[in-house]
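Chemist: Please find the sequence and the predicted model below.
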Amino acid sequence: MNFPLMSGNISPAGTFNFVFSINHYHMRFLTLLLAGLVLTASASAQNPVRQLPAKRTTASLKIDGDLNEAAWKEAVPATDFIEWRPNAGAREINKTEIYILYDNTSIYVGGYCHEKTRDSISRELIGRDAVGVNDFVGVIIDTYNDKINAAGFYVTPYGEQYDAKYSSANGEDGSWNAVWSSEAKIHNDGWSFEMRIPYSALRFVSRENQTWGLNITRRRNKTGQQFMWNPVDPNKNGFINQEGEWTGIGKIQSPIRLSFSPYLSGYVNHYPYKKVTGDSKEKDWTTAFNGGMDVKYGISESFTLDMTLVPDFGQVRSDNKVLNLGPFEQRYGEQRPFFTEGTELFNKGNLFYSRRVGDVPLHYGDVYDWADAKHVDVVENPQAAKLVNATKVSGRTKKGLGIGVFNAVTKPMYAVLEDASGNREKVQTSPLTNYNIVVFDQTLKNNSSVSLINTNVLRSGAERDANVTAGLFDINNKKNTYNWNGKVAISQVFDPVRGNVTGYNHNLGFAKTGGRFNFQVGQELADDKYDINDLGAIYNNNYLDHYGWMGYKWIKPTSWYNQIRLNANIYHSQAFRKFHNQFSDSKFQSLSTNINGNMQFKNLWFMGLFVGYQPAGQDFYETRVNDPISHMGDSGRFVKSTERVQFQGWVESNSAKKYHFGFNYFVGLRDVFNSRNHQISFWHGYRFNDKFSLQHEYALNPFYNDYGFNGFQYIVDGAGNPILNANGDRMIDYIRFSRRNRFTTENSLTAKYNFSKRSGINVRARHYWSRVENRELYKLNPDGSLSSTGSASGYSNFNIFNIDAQYTLQFAPGSFIYVVYKDEGFADNYERSDKYFKSISRVVSSPQNNTLSVKIVYYLDYLDFKKGRKK
């Protein structure tokens, strides 16, 4: 989805944030760090805020995009918008007029955005929860006036909606959805709009004479400008804290917030099982029908319960699967709506990785070992645990205490084993499991906060349980120019095999957050027993890291640029050689430094440069014998990582044009084996009209003379049989590495056609191919060096092809019909001769898994039902 903060657009929640995710580890780190610094809000002293007096109405307003009701003229208009970017402080030339009314049920927002001509309006039909190239107007409402949390409601010239939650801790959460109404109309001299935001979409306290925080933003995409009603100084830390005020709100009652979204879904699936397995008893065609419900209930005026019962997430987009040769698990982003909406409290402390709920069953991989031991086949082994229900309760009290409770339950999962006689046996791969999170978040003065979070996983039977507790603080000084932050966490694992294990983690940070020059320094430590992977995500523990960042920005436009940002990063990591000792035997692991910059030109093009350097270090994880998370070994073995130099440059054209493109090139050079890692990516798109557009993305990654783990060389007897140790495990002679060439390419094509603002089709096809050629084998020596054991000629090809096609129709507010088609093919082989087009031919002709599904969701609001009964 295309949120306001993406694709070079500007979000009210943070600074200009145009750093591509191409060099993922460095540039994304910098992006998130910048966003985290800027989004730390504060109630510091600043210029007098603008105030807009509230006006109650009794008129009946038709939401049609025309401001022709007399009631609109009774409200004092919000006008004289001030430019936020690129030329902060300049007054708008094209006038904006916004009117806000309220009654006993809703807030009404209407406005007129003046333009010289109709062609000055940037517009396209993009679908809900996306912005694309559209101009927009957004109203950001802080009902508690705490200058920390807010909700935003945006409308485009075609009346399409985008909504988001804002918080100082998590920035903009575009996954949040509310049910509200909007319409817009385009005129020869601008465009007008109307919104109706029911109180059920907001949380607030019922009392007399309230003042809410308020800001209004307007974007003119063709000129790259964004304006604010209450001025926002980009050199000041925070956005929400620079809001204006909506004053004199009479007493309004928080309504009974109760809604139901029942669904029905049906699936037809085809996979050529008979051809693949050779078993004529197998069924190639299968069907399934599901039903369930989402429930939202306002427990009080400030707290809301969200529940999903027997959910069905089969319509979400497929993961971008890749070949993972590294020592850590491959993680994918969350696509399921329930786990992305309104989770800002639960994401505090980075202890919650929602993909753990309904993840691969605990003993999924063990099944194949059991089958080998019994000399039977695995005929069924579900790859994901089935979610029974999930519940969220969250809100904030009058005194600023935020409380969140999350709970989810997954059912037991079973694999089926079959012997040569056809006898089948069910074995449990995952027990009944309960996932729970409890969060307390207290806001303090100067927009500071302290938080306590606990995550817990309980599994039935003699299985592993886990518990993590963390305390966090985020403190700003009075002038909102400096920030202190940190976390202390304790993890506990209750394992019937390993026993009870308690781990420790902390991080501490100090930052300068105001002005044109900013910096941050920090430390993070995790001992050898710290483990949050039952409900969180951590790649490794047993480290002591220090990091620093500093940046300087020029944001006053000149004759040739709009802004320039320069940044420098340094990251130092130590590992501990003996994993179960105290922190007395630390070993240097890595040092990473880089300098990078990005700029926006006057023609709205962007450019960035990056230079990085890493001296030689020690990699304790590529050896695969040091796994501190699962405590598989305490050997402290490492492989020497060599000196590395990196360069990157990227450019992107003006995205407001019909045709836009971007290009990125990255190269990493290592002294060992003359290793060269090239990453080339090119993306471009064309909008044929306001309804139809195409986008193509291509990435090429040739990696020459890479080296990495290849396997274990086991000790065998004279007959070639493995020799076992006292625990029954095969004894390792040495760890084997290989020098290899790797060629990876990824192609994706996305077509979008919207019939109207309520219906559209989106089709995405993706092909991913990675070929690995082993050139030479090596033995890992005790000092971390490699000794050649001879040449190698092994090849492998990994191919994935998938199609995701979705038709969406919103037939009533909050009610949708989804028709989804998915196709996925997979092929791997060990052919040296495979070239690109041959790889495509192989994967397309491989057995395809095809699924067609239909899902109907109907939104039922208690208040509407109550009104209907009164009539």
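Modeler: Perfect, I can see it now. Numbering: from 1, shown residues only.
Chemist: Residue 836 is in contact with residue 768, isn't it?
Modeler: No - assessed by C-beta atoms under 8 Å, residue 836 is found out of contact with residue 768, at 11.8 Å. Where C-beta positions appear, they are placed from N, C-alpha and C, glycine not excepted.
Chemist: any common contacting residues for those two?
Modeler: residue 745 (C-beta atoms under 8 Å, 6 or more residues apart in numbering).
Chemist: Mind giving me the packing neighbours of the top strand by length along the chain?
Modeler: Looking across the chain with DSSP state E, the single longest strand is strand 732-756. Counting contacts by 3 or more C-beta pairs under 8 Å, 6 or more residues apart in numbering; DSSP states H and E, strand 732-756 is packed against strand 692-714, strand 759-780.
Chemist: what angle sits between it and strand 692-714?
Modeler: Computed with axes from the mean of the first three to the mean of the last three C-alpha atoms, to 10 degrees, the direction of strand 732-756 lies at 170 degrees from that of strand 692-714.
Chemist: before we move on, back to that, so of the helices and strands packed on strand 732-756, which one's packed in deepest?
Modeler: Greatest average neighbour count among the helices and strands packed on strand 732-756 goes to strand 759-780 (a mean of 19), per mean count of other C-beta atoms under 10 Å.
Chemist: neighbouring strands for that one, and are they parallel or not?
Modeler: Take DSSP bridges as the rule and strand 759-780 pairs in its sheet with strand 732-756 (antiparallel), strand 786-791 (antiparallel), strand 795-812 (antiparallel).
Chemist: residues contacting residue 829?
Modeler: By C-beta under 8 Å, 6+ apart, the contact set of residue 829 is 796-797, 842.
Chemist: go again using 7 Å as the cut-off
Modeler: Applying C-beta atoms under 7 Å, 6 or more residues apart in numbering, we find residue 829 in contact with 797, 842.
Chemist: repeat for residue 797
Modeler: Counting by C-beta under 7 Å, 6+ apart, residue 797 touches 771, 828-829, 831, 834, 839.
Chemist: could those be laid out in a markdown table, adding pLDDT, distance to residue 254 and secondary structure?
Modeler: Compiled in a markdown table, those are given as follows (pLDDT from 0 to 100; distance: C-beta to C-beta, whole Å; DSSP: H, G, I helix; E, B strand; the rest coil):
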| residue | pLDDT | distance to residue 254 | secondary structure |
| --- | --- | --- | --- |
| 771 | 92 | 60 | strand |
| 828 | 83 | 57 | strand |
| 829 | 77 | 62 | strand |
| 831 | 70 | 65 | coil |
| 834 | 68 | 63 | coil |
| 839 | 84 | 58 | helix |
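Chemist: What segments of the stretch 151-300 of the chain are strands?
Modeler: Using DSSP state E, counting those that start in this stretch, the strands of the stretch 151-300 of the chain run over 161-167, 171-173, 181-187, 190-198, 210-220, 225-228, 244-249, 258-270, 285-298.
Chemist: Out of the ones you listed, flag the one nearest residue 817.
Modeler: strand 258-270 (10.4 Å; C-beta to C-beta).
Chemist: Buried residues in the longest strand of the chain, which are they?
Modeler: Within strand 732-756, the residues scored as buried using 16 or more other C-beta atoms under 10 Å are 734-740, 742-748, 750, 752-754.
Chemist: Report the distance from that strand to the chain centre.
Modeler: Averaging C-alpha positions (C-alpha atoms, centre = their mean, to the nearest Å) puts strand 732-756 20 Å from its chain's average.
Chemist: i'd like the first residue to be 10 from this point on
Modeler: Taking 10 as the first residue, the last one we looked at is strand 741-765.
Chemist: number of nearby residues for residue 612?
Modeler: Residue 612 is flanked by 12 other residues according to other C-beta atoms under 10 Å.
Chemist: Now do it against residue 662, distance only.
Modeler: Distance from residue 612 to residue 662, counting by C-beta to C-beta, to the nearest Å: 9 Å.
Chemist: any shared contact partners between those two?
Modeler: Common contact partners of residue 612 and residue 662 (C-beta under 7 Å, 6+ apart): none.
Chemist: residue ranges with poor pLDDT in the stretch 260-409 of the chain?
Modeler: Nowhere does the stretch 260-409 of the chain drop to pLDDT under 70.
Chemist: So the residue positioned nearest the centre of the chain, which state does it fall into?
Modeler: Residue closest to the average C-alpha location in the chain (C-alpha atoms, centre = their mean): residue 342, at 5.4 Å. Classification of residue 342 by DSSP: H, G, I helix; E, B strand; the rest coil places it in coil.
Chemist: Roughly how far does it sit from residue 356?
Modeler: Taking C-beta to C-beta, one finds residue 342 at 13 Å from residue 356.
Chemist: With residue 836 instead?
Modeler: Distance, residue 836 to residue 356, using C-beta to C-beta: 37 Å.
Chemist: measure the residue of the chain most remote from its centre to residue 177 for me?
Modeler: Ranked by distance from the centre of the chain (C-alpha atoms, centre = their mean), the top residue is residue 727, with 53.7 Å. Distance check for residue 727 against residue 177: by C-beta to C-beta, it reads 68 Å.
Chemist: Averaged pLDDT, stretch 791-799. What do you get?
Modeler: Stretch 791-799 comes out with an average pLDDT of 91.
Chemist: quick one, strands of the stretch 510-659 of the chain?
Modeler: Using DSSP E, counting those that start in this stretch, the strands of the stretch 510-659 of the chain run over residues 526-535, 552-563, 570-585, 595-610, 615-623, 626-628, 648-650, 653-661.
Chemist: Who are the packing partners of the last one?
Modeler: When you say that, I think you mean strand 653-661. Helices and strands touching strand 653-661, by 3 or more C-beta pairs under 7 Å, 6 or more residues apart in numbering; DSSP states H and E, are strand 615-623, strand 668-679.
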